[in-house]
Structures are given as structure tokens and as C-alpha cells.
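Novice: sharing a model prediction with you, sequence too.
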Amino acid sequence: MIEIKPQPFHITLLRHGESVGNAESRWQGQADFPLTDTGRAQARALAERWKVGLCKI
């Protein structure tokens, strides 16, 4: 019989960056607001972290 050992895996949970609707304190869900400059910077920062594999808690 072959023994199968569980392999570790990672699940990443994240939210979108700040949107115009967030910045204006609007309730969202049905509309698609664009990201603010801050939201785009947050997305770029996350992409850089993923590139170098630093998304560990």
C-alpha cells in the first residue's frame, strides 16, 4: 500500500484596493467604482509582494 502524505498549501484572502466608492463612504455591491490613486498603489504593492514570495503571515 502506498502512503499518501498531505502536502502543505496556502490560501490567500484579500480585498480590493481602495475605490472611489470607499473613499466617498458609499455602500457598494452593485456598482463598479474605479480604484483611487491609493487603491492602485495598494494593488501594485501587493503585486510586488507576490513577485518575491513575501505573502506570509
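Specialist: Yep, that arrived.
Novice: just want the phi and psi numbers for the residue nearest the centre of the chain.
Specialist: For the chain, the residue nearest the mean C-alpha position is residue 14 (3.4 Å; Cα atoms, centre = their mean). Residue 14 adopts backbone torsions of phi -150, psi 160, taken as degrees, to the nearest 10.
Novice: same question for the one 3 residues further on.
Specialist: For residue 17, the backbone dihedrals (degrees, to the nearest 10) come out as phi -70, psi 170.
Novice: same question for residue 45.
Specialist: phi -60, psi -40.
Novice: and it, what's its pLDDT?
Specialist: As predicted, residue 45 sits at a pLDDT of 92.
Novice: next, count neighbours for it.
Specialist: Neighbour count for residue 45, taken as other Cβ atoms under 10 Å: 11. Heads up, the C-betas are built off the backbone N, CA and C, glycines and all.
Novice: returning to what we had before: spit out the contact partners of the residue nearest to the centre of the chain.
Specialist: For residue 14, the contact set (Cβ atoms under 8 Å, 6 or more residues apart in numbering) comprises residue 46.
Novice: before we move on, what about residue 35?
Specialist: 16, 17, 18, 19, 20, 43.
Novice: can you lay out those residues as JSON lines showing secondary structure, neighbour count and distance to residue 34?
Specialist: Converted to JSON lines, the contacts of residue 35 look like this (DSSP: H, G, I helix; E, B strand; the rest coil; neighbours: other Cβ atoms under 10 Å; distance: Cβ to Cβ, whole Å):
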{"residue": "16", "secondary structure": "coil", "neighbour count": "12", "distance to residue 34": "11"}
{"residue": "17", "secondary structure": "coil", "neighbour count": "18", "distance to residue 34": "10"}
{"residue": "18", "secondary structure": "coil", "neighbour count": "18", "distance to residue 34": "10"}
{"residue": "19", "secondary structure": "strand", "neighbour count": "18", "distance to residue 34": "7"}
{"residue": "20", "secondary structure": "helix", "neighbour count": "14", "distance to residue 34": "6"}
{"residue": "43", "secondary structure": "helix", "neighbour count": "15", "distance to residue 34": "12"}
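Novice: got CSV for those residues, with distance to residue 6 too?
Specialist: Formatted as CSV, these follow (distance: Cβ to Cβ, whole Å):
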residue, distance to residue 6
16, 32
17, 34
18, 38
19, 38
20, 44
43, 33
